[in-house]
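Engineer: just the structure for this:
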Amino acid sequence: MDALQLVGLVAASAAVAGFARRTPVPAPLLLVAVGLAAAYLPGVPDYTLDPHIVLPLILPPLLYTAAVDSSYLDLRANIRPVALLSVGYVLFATVAVGWLAYVLVPDLPLTAALVLGAVVAPPDAVAATAIARRLGLPNRITTILQGESLVNDATAITAYKVALAAAVGEGISWGGGLWEFALAAVGGIGVGLVLMVPIHWLRTHLTEALLQNTLSLLIPFVAYAAAEEVGASGVLAVVVVGLFLGHKAWKVDFATRLQEEAVWKMVAFVLESAVFALIGLQLPYVVRELGRYSMGQAAWYALGVFLAVVVVRFVWVYPATFLPRWISPRIREREPEVDWRAPLVVGWAGMRGVVSLAIAFSIPAFTDGVEFPARNLVLFLTFTTVIGTLVVQGLTLPPLIRLLKLPGRDRYAETLAEAQAQSEASRAAEERLDELLADERNALPKPLADRLRTVMERRRNSVWERLGAVNEVTGETADDTYRRLSREMIDAERAVFVRLRDARRIDDEMMRTLLRRLDLEEAAAYREIDD
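Structural biologist: Reported below is the predicted structural model:
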């Protein structure tokens, strides 16, 4: 892939993802569909997933940004269902789907079938969590899906390595496989624990936001490479570091947080868009490499494997949800009640993604002169499973969620909790301000002291106003109107600065300084409230 092809891929995928935001279709699904269609357009170059790029260069930043945005406390509170899905289910799916593929496909060795099982075992929850947030699913379901996607790749990659060693005749035993899995897991967590404290110390002691954000961009690659270098799981190392830094992000200065959020949103948007487009663009290569199998045969095998993947997830999810509650009174007391609808959503949200394809492409044709059996068929079945789950489950998940009428997030209760938290914080700030102003070293003219109190009062009242009545004419709350008027005033100031620059009464450097002050004021006055 040359530079022009790479630029074209990023630009086209970003455009499609941007268009998807204006449609009810989730961006990953539209990107895959457009990629499938574009693969056969004349003039579109061949794009082939390179596992040496996807696994060490694309996977770490996507995992890191997901980990930073996750809640360590929520994940800890739901560690049992997350572990059952991210570890237990992946291992179960590796064996179950592998055995079913072995029964279904003639002449497919069991070891090669287990490699296929490991490859298609980990769901990619990017699309699922995006749908869950858009439709307002309960926070616990979203947390479980997020937590599963953070850890399951590490389980699948380790299971794949064990199955691959057996497939090429390296004589690995079940005991040796379990030992390798334990070593990768413990080692990855250990590397993450070792790195997270010094990295956090660096983040809090660097004095320039630019340097701090440069470090932020390097963190996932450093953690992944360090763990892989010692034979541990790079995925787990990245997740551990990301969770810790996200939990401690409040200790970093505000300029770093503002820049970091914008930078990582852009990075995640570009990478996710390009990755899902690449999935669709693989079709010509996968079909061309199918080899001795006819399309009719391969299509039946693909349907069988797809159904196996879907069914096996439900076979695991329902018992894993209800059996522990039935066995343990402690779990029943500690965790909220669950009915049949929540595991149905979790089971149907098992869409596969780019990690499965990247692992499949990394299967070597030969290892020490030993050929991997049916590599092209395994690659084809992985591709059809990924596409099938993204299209079938991805398109039907939103109507399924609406049909089940799961209780969504309580927006009023969330806003009330936010208002109460802000009220407590404002009281603490007011007490601190009184203490400071009582000291003659902090003497301020009354207008400036009043301004501090006004800003504090504004923060306290703004959330409460969201709970109050709206303007009968505009439909806005008082807080909405305040922010809109603030923006109009700032726009008027901004226009004056530009006019003065154009008249050469101020230079560009001064204009940029003045505009940055307005930008910060606008960010404070017209902050975005996430739905």
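
Engineer: and the residue nearest the centre of the chain, helix, strand or coil?
Structural biologist: Against the mean C-alpha coordinate of the chain, by CA atoms, centre = their mean, the closest residue is A66 at 3.8 Å. Using DSSP: H, G, I helix; E, B strand; the rest coil, the secondary structure recorded for A66 is helix.

Engineer: list the contacts for the closest residue in space to it that isn't next to it in sequence?
Structural biologist: Nearest residue to A66 in three dimensions, chain neighbours excluded: L150, at 6.2 Å (CB to CB, 6 or more residues apart in numbering). Heads up, the C-betas are built off the backbone N, CA and C, glycines and all. For L150, the contacting residues are L63, A66, A67, S70, L75, S86, V239, taking CB atoms under 8 Å, 6 or more residues apart in numbering as the criterion.

Engineer: touching, the fifth one and T143? I think so.
Structural biologist: Yes: L75 lies in contact with T143 (CB atoms under 8 Å); the separation is 6.5 Å.

Engineer: so for these two, which residues contact both of them?
Structural biologist: In contact with both L75 and T143: V82, using CB under 8 Å, 6+ apart.

Engineer: still on that earlier bit, need the pLDDT of the residue nearest to A66.
Structural biologist: Model confidence at L150, given as pLDDT, is 87.

Engineer: pretty sure it sits in a helix.
Structural biologist: Yes: with three-state DSSP as the criterion, L150 is located in a helix.

Engineer: mind checking how far it is from R504?
Structural biologist: Shown here: L150 relative to R504, a distance of 54 Å by CB to CB, to the nearest Å.

Engineer: quick one, helices of the stretch 151-300 of the chain?
Structural biologist: Assigned by DSSP state H, counting those that start in this stretch, the stretch 151-300 of the chain shows helices spanning 174-205, 209-229, 234-247, 254-281, 283-288, 295-327.

Engineer: got those helices as TSV, with mean neighbour count and distance to L404 columns?
Structural biologist: Compiled in TSV, the helices of the stretch 151-300 of the chain are given as follows (neighbours: other CB atoms under 10 Å; distance: least, CB to CB, whole Å):
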stretch	mean neighbour count	distance to L404
helix 174-205	16	34
helix 209-229	19	36
helix 234-247	26	30
helix 254-281	19	26
helix 283-288	16	33
helix 295-327	17	15
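
Engineer: and those helices: which comes nearest R80?
Structural biologist: When the helices of the stretch 151-300 of the chain are ranked by distance to R80, counting by CB to CB, first place goes to helix 295-327 at 6.8 Å.

Engineer: can you give me the offset of that closest one from its chain's centre?
Structural biologist: What separates the centre of helix 295-327 from the centre of its chain is 24 Å, taken as CA atoms, centre = their mean, to the nearest Å.

Engineer: just checking, what packs against that helix?
Structural biologist: The criterion is 3 or more CB pairs under 8 Å, 6 or more residues apart in numbering; DSSP states H and E, and the helices and strands that helix 295-327 contacts are helix 79-83, helix 90-104, helix 110-120, helix 329-334, helix 341-348, helix 375-388.

Engineer: what about 7 Å?
Structural biologist: In terms of contacts (3 or more CB pairs under 7 Å, 6 or more residues apart in numbering; DSSP states H and E), helix 295-327 is packed against helix 90-104, helix 329-334, helix 341-348, helix 375-388.

Engineer: what's the average pLDDT for the shortest one?
Structural biologist: In this case it means helix 329-334. The predicted model gives helix 329-334 an average pLDDT of 88.

Engineer: by contact count, what packs against that helix?
Structural biologist: Packing partners of helix 329-334 (3+ CB pairs under 7 Å, 6+ apart): helix 295-327.

Engineer: which residues in the stretch 351-500 of the chain form strands?
Structural biologist: In order along the chain, the stretch 351-500 of the chain carries the following strands (DSSP state E, counting those that start in this stretch): 366-367, 370-371.

Engineer: sheet-wise, list the partners of the last one with their directions.
Structural biologist: Which is strand 370-371. Take DSSP bridges as the rule and strand 370-371 pairs in its sheet with strand 366-367 (antiparallel).

Engineer: ok, the contacts of L150 vs A320, which is closest?
Structural biologist: Set against A320, the nearest of the contacts of L150 by CB to CB is S86 (11.5 Å).

Engineer: check contacts around the residue nearest to G192 when sequence neighbours are not counted.
Structural biologist: Nearest residue to G192 in three dimensions, chain neighbours excluded: V240, at 2.7 Å (CB to CB, 6+ apart). When contacts are counted by CB atoms under 7 Å, 6 or more residues apart in numbering, V240 is found next to I189, G192, L193, M196.

Engineer: wait, the second one sits on L245?
Structural biologist: No: assessed by CB atoms under 7 Å, G192 is found out of contact with L245, at 10.4 Å.

Engineer: can you tell me the distance between the two ends of stretch 499-512?
Structural biologist: With CA to CA, to the nearest Å as the measure, the first residue of stretch 499-512 is 13 Å from its last.

Engineer: other residues contacting that stretch?
Structural biologist: With contact meaning CB under 7 Å, 6+ apart, stretch 499-512 is reached by F497.

Engineer: now it: average pLDDT?
Structural biologist: Stretch 499-512 shows an average pLDDT of 85 in the prediction.

Engineer: what are the buried residues along that stretch?
Structural biologist: Under the neighbour-count criterion of 16 or more other CB atoms under 10 Å, stretch 499-512 has R501, I506, M511 buried.

Engineer: of these, closest to T321?
Structural biologist: Distance to T321, by CB to CB, is smallest for M511 among the buried residues of stretch 499-512, at 59.2 Å.

Engineer: which of the helices or strands spans the closest one?
Structural biologist: Following DSSP states H and E, the helix or strand that holds M511 is helix 508-525.

Engineer: list the buried residues of that helix.
Structural biologist: Here helix 508-525 shows M511, L514, L515, E522, A525 as buried, counting by 16+ other CB under 10 Å.
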